[in-house]
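Visitor: Got a predicted structure here, sequence first:
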Amino acid sequence: MNFEEMRIKLQSELKPSRYAHSFRVYETAMEMAKWYGMPTEKLAVAALLHDCGRKIEVQNSVHQALVWNLGVDDVERQQPILLHQKLGAYLAKQEYGIDDEEILNAIATHTTGDKGMSMMAQVVYLADMIEPGRVYDGMEELREVAKKDLQLGMINCYAHTMNYLLRQGLLIHPKCVEGYNELLFQGDK
């Protein structure tokens, strides 16, 4: 399946607002690739398909993840919206024919983050956070930092996410904390 076929399939499967977000993430990731001088072919696919798992309704996420043997941890069981990243990686492989592990991993970590993320996975995570349709306090500052420094952009986005979750009384996925801590340790070296 070529990129245009993927785009058309995705557009047919997602709600219009979710598809518009996905396309803005793709565009943001392409812009970020220029900032960081990185190749775009695989990044384009990962960014476009990052939310393909959102075609599955949140209330069905736990059940579907269990049917597909994707594993569901305690945080995901309490906040099943997080499962769309795992479901998305599965669907990217099964329905879009993606077998590149780096692309699948970028999709599978775009919401919680994780330690050991590739540069591409980090760009998808950040593009999802800073795409132009996202409007919340501190967004412009996050965008400016992301333009200059990928690692600092990730640290700031992790911190922003954790602060938001704390204010909302929501659980913080351990992978988010692990990714944040890993980047801070790297910065100390």
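Guide: Alright, I've got the coordinates.
Visitor: ok, residue 116 - contacts?
Guide: By CB atoms under 8 Å, 6 or more residues apart in numbering, the contact list for residue 116 reads residue 182. C-beta: built from backbone N, CA, C; applies to glycine.
Visitor: Per-residue confidence, the residue nearest the centre of the chain, what does it come out as?
Guide: The residue lying closest to the centre of the chain (CA atoms, centre = their mean) is residue 110, at 1.9 Å. We have a pLDDT of 97 for residue 110.
Visitor: Can you tell me the SS state at it?
Guide: coil (DSSP: H, G, I helix; E, B strand; the rest coil).
Visitor: who are the neighbours in contact with residue 45?
Guide: 3, 6, 98, 100, 103.
Visitor: let's go with 6 Å and repeat that
Guide: The neighbours of residue 45, taking CB atoms under 6 Å, 6 or more residues apart in numbering as the test, are residue 103.
Visitor: That one sits in which helix or strand?
Guide: Using DSSP states H and E, residue 45 sits within helix 41-49.
Visitor: What average pLDDT does that helix get?
Guide: Averaging pLDDT along helix 41-49 gives 98.
Visitor: sorry, back to before: right, and the residue nearest to the centre of the chain touches residue 124 too?
Guide: Yes: here residue 110 reaches residue 124: they are 5.0 Å apart, a contact under CB atoms under 6 Å.
Visitor: Helix 41-49 and the biggest helix by length in the chain, what's the angle between them?
Guide: Determined from DSSP state H, the single longest helix within the chain is helix 16-36. Note on geometry: by axes from the mean of the first three to the mean of the last three CA atoms, to 10 degrees, helix 16-36 and helix 41-49 are set 150 degrees apart in direction.
Visitor: Show me which residues of helix 16-36 are buried.
Guide: Within helix 16-36, the residues scored as buried using 16 or more other CB atoms under 10 Å are 18-19, 21-30, 32-33.
Visitor: What is that helix packed up against?
Guide: If you count contacts as 3 or more CB pairs under 6 Å, 6 or more residues apart in numbering; DSSP states H and E, helix 16-36 packs onto helix 41-49, helix 119-130.
Visitor: For the residue lying closest to residue 19 once chain neighbours are set aside, give its distance to residue 99.
Guide: Spatial nearest neighbour of residue 19, chain neighbours left out: residue 11 (4.9 Å); criterion: CB to CB, 6 or more residues apart in numbering. Using CB to CB, to the nearest Å, we find residue 11 at a distance of 23 Å from residue 99.
Visitor: Name the residue in those two with the higher neighbour count.
Guide: residue 11 (14 against 9; other CB atoms under 10 Å).
Visitor: Right, I'll leave it there.
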